[in-house]
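Enquirer: got a predicted model here, sequence first, then my questions.
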Amino acid sequence: MVQRTSNAEVMSMDLSPKMPAKAYGGDGGAYYDWSPADLPMLGAASIGAAKLHLTAGGLSLPSYSDSAKVAYVLQGAGACGLVLPEAAKEKVIPVKAGDALALPFGAVTWWFNAQDSSTELVVLFLGDTSKGHTLGKFTNFQLTGATGIFTGFSTEFVARAWDLDQDSAAKIVSTQPGSGIVKLAAGHKMPVPRAEDREGMVLNCFVAPLDVDIPGGGRVVVLNTANLPLVKEVGLGADLVRIDGHSMCSPGFSCDSAYQVTYIVRGSGRVQVVGIDGTCVLETRAEEGCLFIVPRFFVVSKIADDTGMEWFSIITTPNPIFSHLAGRTSVWKAISPAVLETAFNTTPEMEKMFRSKRLDSEIFFAPS
């Protein structure tokens, strides 16, 4: 059972956005992750976060994780090999920027960037570590390579398991010196990605129907059990949000006890988070490549810089519900006038003026 962090601990935590650190890599690319030591809310929320960068010809060797994840392709195009639990055949999924995939427990994956690619393949992973070995950090189990699972078994066990003679067993386990990520030899042929394998496995956030579209303000695509059914198995929801220059994202909170984990994909802007007793716990600028977490029920708002801002978030529930505190759909529009007058200790005239604002604005507010 995961121990819940106290209110005092959450209020005193450093919530400022952080960049990841390189965990391992080589000629084929690198794997970066965020540590709960640098971003304590990862541990408090039991969330892991990492990024995979593959150069041309780079292959992330087959592995599985101790955590269910959502993968989001930030840049480039390539292939994801996926073997779901108890599946008899792998899926070889063509992936490109904007693709989101749900990876449940037990899924074995590999990732590949074509040898003739002119750009890196970059994939973001966000997931639930509450059942993992380390709260706030993914533990990945490599099937092959210098740190592969079978390097720990005796040759006798490997030979018996795979029905090989002992010399062959020793050779096949030891001939891959790479660890985690390798670069393919020139001319080596990889499986051809199959477009049909995307069905039910991938949602491209760039072409999916918009859940919110505010001209001059911003746009949202929400991942949930309706448009990506595997999200239910992963237990996480997600969204891609893009707001225009100087636009504001309404102050709001997750009203189903969920954490919001946000990665800034492009652009930059100001972020404010307010917690218990009206205390501002974060006031900062968030820039491309950084990650931050909003605690449960805390209220967050963002204002984009002149180039706009785009972020990808997971929410620790598969069908998230948000309550907004400004705009046409805010709780203020639902509360009766007499209650508002008393709550704000104001006049009927001020209450009417307050209620008359933002009648045609929802969630995102374009600059006036």
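Expert: Here it is on my side, so go on. Numbering: from 1, shown residues only.

Enquirer: going forward, measure contacts between C-alpha atoms and count neighbours the same way
Expert: Noted.

Enquirer: can you tell me the SS state at V10?
Expert: What DSSP: H, G, I helix; E, B strand; the rest coil gives for V10 is helix.

Enquirer: shouldn't V158 be within a helix?
Expert: Yes - assessed by three-state DSSP, V158 belongs to a helix.

Enquirer: what pLDDT does the residue nearest to it when sequence neighbours are not counted get?
Expert: Leaving aside its chain neighbours, V158 sits nearest to A169 (6.1 Å; criterion: CA to CA, 6 or more residues apart in numbering). Per-residue confidence for A169 comes out at a pLDDT of 96.

Enquirer: N224: neighbour count?
Expert: Here the number of neighbours of N224 (other CA atoms under 10 Å) works out to 20.

Enquirer: tell me who's in contact with the residue nearest to V158.
Expert: By CA atoms under 8 Å, 6 or more residues apart in numbering, the contact list for A169 reads T155, V158, A159, W162.

Enquirer: same deal with H53?
Expert: The contact partners of H53, by CA under 8 Å, 6+ apart, come to G29, A30, Y31, E120, L121, V122, V123.

Enquirer: next step: those restricted to helices.
Expert: Per DSSP state H, helices hold no members of these.

Enquirer: show me which pair in these is furthest apart.
Expert: Y31 and E120 (12.6 Å; CA to CA).

Enquirer: which strand residues bridge the spatially most central residue of the chain?
Expert: When CA atoms, centre = their mean is applied to the chain, the residue found nearest the centroid is L126 (3.6 Å). Counting by DSSP bridges, L126 forms beta bridges with A49, V70.

Enquirer: which ones are touching it?
Expert: I47, G48, A49, A50, K69, V70, A71, I314.

Enquirer: show me the strands in the stretch 51-200 of the chain, by range?
Expert: Using DSSP state E, counting those that start in this stretch, the strands of the stretch 51-200 of the chain run over 58-65, 68-75, 77-83, 91-96, 99-103, 108-112, 121-128, 140-142, 181-183.

Enquirer: re the thing from before, gap between the residue nearest to the centre of the chain and K137?
Expert: Going from L126 to K137 by CA to CA, to the nearest Å gives 10 Å.

Enquirer: please produce JSON lines containing the strands of the stretch 51-200 of the chain, extended by mean pLDDT.
Expert: Formatted as JSON lines, the strands of the stretch 51-200 of the chain follow (pLDDT from 0 to 100):
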{"stretch": "strand 58-65", "mean pLDDT": "97"}
{"stretch": "strand 68-75", "mean pLDDT": "97"}
{"stretch": "strand 77-83", "mean pLDDT": "98"}
{"stretch": "strand 91-96", "mean pLDDT": "98"}
{"stretch": "strand 99-103", "mean pLDDT": "97"}
{"stretch": "strand 108-112", "mean pLDDT": "98"}
{"stretch": "strand 121-128", "mean pLDDT": "97"}
{"stretch": "strand 140-142", "mean pLDDT": "96"}
{"stretch": "strand 181-183", "mean pLDDT": "96"}
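
Enquirer: now render those strands as CSV, adding distance to R355.
Expert: Listed next are these as CSV, based on distance: least, CA to CA, whole Å:
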stretch, distance to R355
strand 58-65, 50
strand 68-75, 39
strand 77-83, 48
strand 91-96, 44
strand 99-103, 39
strand 108-112, 52
strand 121-128, 39
strand 140-142, 52
strand 181-183, 57
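
Enquirer: between those strands, which gets nearest to T225?
Expert: Nearest of those to T225, taken as CA to CA: strand 99-103 at 10.5 Å.

Enquirer: pairing partners for that closest one, with directions?
Expert: By DSSP bridges, strand 99-103 pairs with strand 68-75 (antiparallel), strand 202-204 (antiparallel).

Enquirer: deepest-packed of those, please.
Expert: A comparison of these by mean neighbour count, using mean count of other CA atoms under 10 Å, puts strand 68-75 on top with a mean of 24.

Enquirer: please compute how far that one lies from its chain's middle.
Expert: Centroid displacement of strand 68-75 relative to its chain, using CA atoms, centre = their mean, to the nearest Å, is 6 Å.

Enquirer: so what does S154 look like in phi/psi?
Expert: Here is the backbone geometry of S154 (degrees, to the nearest 10): phi -70, psi 160.

Enquirer: I'd like to know how many residues surround it.
Expert: Quick note: S154 (other CA under 10 Å) scores 12 neighbours.

Enquirer: ok, K89 next?
Expert: The burial count for K89: 9, using other CA under 10 Å.
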